[in-house]
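Colleague: predicted model and sequence follow; I will ask about them next.
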Amino acid sequence: MRIVCVGGGPAGLYFSIVMKQRHPDCDITVLEREAHGSTYGWGVTYWGTLLARLRQNDPPSAEAIRGASVRWDEGVAHIRGGTTTHRSDEAFGIGRHRLLEILSARAAELGVRVEFQRGVDSLDQLPEADLVVAGDGVNSRIRQLYAEHFGTAVTEGRNRYVWLGTSKVFDSFTFSFVETPHGWIWFYGYAFSGETSTCIVECSPETWSGLGLDRLGDEEGTALLERLFAAQLDGHPLLRQATGTGAQWLSFRTLTNRSWHHGNVVLLGDAAHTTHYSIGAGTVLALEDAIGLAEALCEQTELSAALAAYERGRRYAILSTQSAARYSARWYENIHRYARLTPDQLFALLGQRHSPLLPYLPPRLYYRLNRAAESATVLRRLRARLGHRLARSLHARQQPTDAVSGTPAVAADSLTPN
């Protein structure tokens, strides 16, 4: 089979690795628009469960990724001068640039052709192929060529955010919430190397404009953020991308598609779906998509059947993550509901932000009920069962529908802490 992957991000590169491992005779080319070593973003996160999956599919790249990653197993939240720390599942951070280096080198080692500065704006620019894998991100050019068929829908989030780095190396996943005269502003920080951390700053549009961040230039805006978060940054600067684009404030776009494949073209990763950055699942889902597509192609003899099986399997697999991402984004958009809690209470509800019931109960009441449920197995099971049923009733009219079944896409156990 001749395969062309458009986009040299984690999804396309890892798919080429897994497919070449399983079928060495496949002719695979990866085309990347940007120059070698050029990428956006700072660090990405993943969990031990993904690492186990990577080891199953390609041990050498899995070990290289683990060796280049920073590990943590707790989270820290700072609010109104208080600090609280909670244990968490084992998690990892790795620089996006380093991740792409590892994956592109491994793909080339296996015999995949990885070609940089090969932008694709039409199918005429592609080599002849039996399968075209569109892994070219949320703004996929390939997907846009078949926009009517794929049925792309984009929902823009309310809050504003900016993706920065910092030379402050956090030893835990760190949250910092700061109250200003114009409302709350906060960051999510995590290390991805021994020298640098990711620092995503977020706030409501009212706070963003009230602080003047909509009018300040890059240097002035970054300096203001450094002053606001001085206590947690310990005098370290915030860093902007060295790409010439500056520090761009954005609104997150949740992207879905009615279909993920058309003819011999299939969507992968962010080209097919996006999930809010606050749950840190984008890269994980992209790599899982890559594995799922390779598995379907190996299990099915007909291409059309393989692409249908891939889409069906991955749509179902990501439903709970998509649900969690929607509730997580909503939690931050309504931060004023929780900001008056004690640090311990706020962090507890931060971990419960995926709950479909949380928006409908007073935060302190939910906190007390959750504490009681955590202390008793019977109550915990009852909480999950009732939470699921009541949430369906309360939220059915507002919930996006699943493109496959037409039913509300609610996670089976949305109240389980993350």
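Modeller: Looks like it came in fine.
Colleague: what sits against residue 107?
Modeller: For residue 107, the contact set (C-beta atoms under 8 Å, 6 or more residues apart in numbering) comprises 13, 16-17, 20, 28, 30, 114. For glycine as for every other residue, the C-beta is placed from the backbone atoms N, C-alpha and C.
Colleague: need the longest strand for this structure.
Modeller: Secondary structure assigned by DSSP state E gives strand 82-95 as the longest strand of the chain.
Colleague: can you give me the offset of the helix or strand following that one from its chain's centre?
Modeller: Following strand 82-95 in sequence order, the next helix or strand is helix 96-109 (DSSP states H and E). The chain centroid and the centroid of helix 96-109 are separated by 19 Å, computed with C-alpha atoms, centre = their mean, to the nearest Å.
Colleague: buried ones in the longest strand of the chain, by neighbour count?
Modeller: 84, 86, 88, 91-95 (16 or more other C-beta atoms under 10 Å).
Colleague: lowest-confidence one in those?
Modeller: When the buried residues of strand 82-95 are compared by pLDDT, residue 88 scores lowest at 82.
Colleague: distance of it relative to residue 50?
Modeller: As judged by C-beta to C-beta, to the nearest Å, residue 88 and residue 50 stand 15 Å apart.
Colleague: give me the below-cutoff pLDDT ranges for the chain.
Modeller: Counting by pLDDT under 70, the chain has low-confidence residues at 242-247, 376-418.
Colleague: go ahead and flag the most central residue of the chain.
Modeller: The centroid of the chain falls nearest to residue 282 when counting by C-alpha atoms, centre = their mean (2.6 Å).
Colleague: over to that one: give its phi and psi.
Modeller: phi -60, psi -50 (degrees, to the nearest 10).
Colleague: now do the contacts for it.
Modeller: Counting by C-beta under 8 Å, 6+ apart, residue 282 has contacts 44, 269-270, 274-275.
Colleague: among the residues you listed, which lie within strands?
Modeller: residue 44.
Colleague: just flag the most distant two among the contacts of residue 282.
Modeller: The span of those, defined through C-beta to C-beta, is set by 44 and 274 at 14.0 Å.
Colleague: quick check: residue 254 touching residue 157?
Modeller: Yes. Counting by C-beta atoms under 8 Å, residue 157 is a contact partner of residue 254 at 7.0 Å.
Colleague: okay, and the common contacts of those two?
Modeller: Joint contacts of residue 254 and residue 157 (C-beta under 8 Å, 6+ apart) are 276, 329.
Colleague: before we move on, back to that, top of the contacts of residue 282 by neighbour count?
Modeller: Highest neighbour count within those, by other C-beta atoms under 10 Å: residue 269, with 29 neighbours.
Colleague: you'd agree that one is up against residue 137?
Modeller: Yes. Shown here, residue 269 and residue 137 form a contact pair, counting by C-beta under 8 Å, at 7.3 Å.
Colleague: let's see which of the contacts of residue 107 end up in helices.
Modeller: Judged by DSSP state H, helices contain the following of these: 13, 16-17, 20.
Colleague: alpha carbons only: can I get the helix or strand containing residue 142 in CSV?
Modeller: Using DSSP H and E, residue 142 falls within helix 141-145. In CSV, the C-alpha atoms belonging to helix 141-145 read as follows (Å, rounded to 0.1, in the frame of the first residue of the first chain):
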residue,chain,number,x,y,z
ARG,A,141,-6.1,22.0,4.3
ILE,A,142,-7.0,18.5,3.1
ARG,A,143,-10.2,18.5,5.2
GLN,A,144,-11.2,21.9,3.8
LEU,A,145,-11.1,20.4,0.2
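Colleague: ok, residues contacting it?
Modeller: By C-beta under 8 Å, 6+ apart, helix 141-145 touches 6, 119-123, 132, 134, 136, 150, 152, 257, 265, 267, 271.
Colleague: buried residues, that helix. List them.
Modeller: Neighbour counts over helix 141-145 (16+ other C-beta under 10 Å) mark 141-143, 145 as buried.
Colleague: from these, pick the one nearest residue 306.
Modeller: Of these, the one sitting nearest to residue 306 (C-beta to C-beta) turns out to be residue 142, at 18.3 Å.
Colleague: could you measure the closest one against residue 283, distance?
Modeller: For residue 142, the distance to residue 283 - C-beta to C-beta - is 20 Å.
Colleague: quick one: contacts for residue 298?
Modeller: Residue 298 sits in contact with 22-23, where contact means C-beta under 8 Å, 6+ apart.
Colleague: so it sits in a strand?
Modeller: No. Under DSSP: H, G, I helix; E, B strand; the rest coil, residue 298 sits outside any strand and is assigned helix.
Colleague: where exactly do the strands run in the stretch 151-300 of the chain?
Modeller: 152-156, 160-166, 173-180, 183-191, 197-203, 238-239, 249-250, 253-257, 261-262, 265-267 (DSSP state E, counting those that start in this stretch).
Colleague: which helices and strands sit right next to the second one?
Modeller: Yep, that's strand 160-166 we're talking about. Here strand 160-166 touches strand 197-203, strand 238-239, strand 249-250, going by 3 or more C-beta pairs under 8 Å, 6 or more residues apart in numbering; DSSP states H and E.
Colleague: point out the most buried one among those strands.
Modeller: By mean neighbour count, with neighbours taken as mean count of other C-beta atoms under 10 Å, strand 197-203 ranks first of these at a mean of 25.
Colleague: got the CA positions of that strand in PDB?
Modeller: Output of strand 197-203 as PDB, limited to C-alpha atoms (Å, rounded to 0.1, in the frame of the first residue of the first chain):
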ATOM      1  CA  SER A 197       7.800  24.800  31.800                       C
ATOM      2  CA  THR A 198       4.600  25.400  29.900                       C
ATOM      3  CA  CYS A 199       2.500  28.200  31.300                       C
ATOM      4  CA  ILE A 200      -1.000  28.600  29.900                       C
ATOM      5  CA  VAL A 201      -2.800  31.800  31.100                       C
ATOM      6  CA  GLU A 202      -6.600  32.100  30.900                       C
ATOM      7  CA  CYS A 203      -9.300  34.500  31.900                       C
END
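Colleague: note down every partner strand of that strand and its orientation.
Modeller: Applying DSSP bridges to the sheet, strand 197-203 is found paired with strand 160-166 (antiparallel), strand 183-191 (antiparallel).
Colleague: of all those strands, which one is nearest residue 342?
Modeller: For residue 342, the closest of these is strand 183-191, at 15.7 Å, according to C-beta to C-beta.
Colleague: make sure residue 225 is actually in contact with residue 200.
Modeller: No. Using C-beta under 8 Å, residue 225 is not in contact with residue 200; the gap is 11.3 Å.
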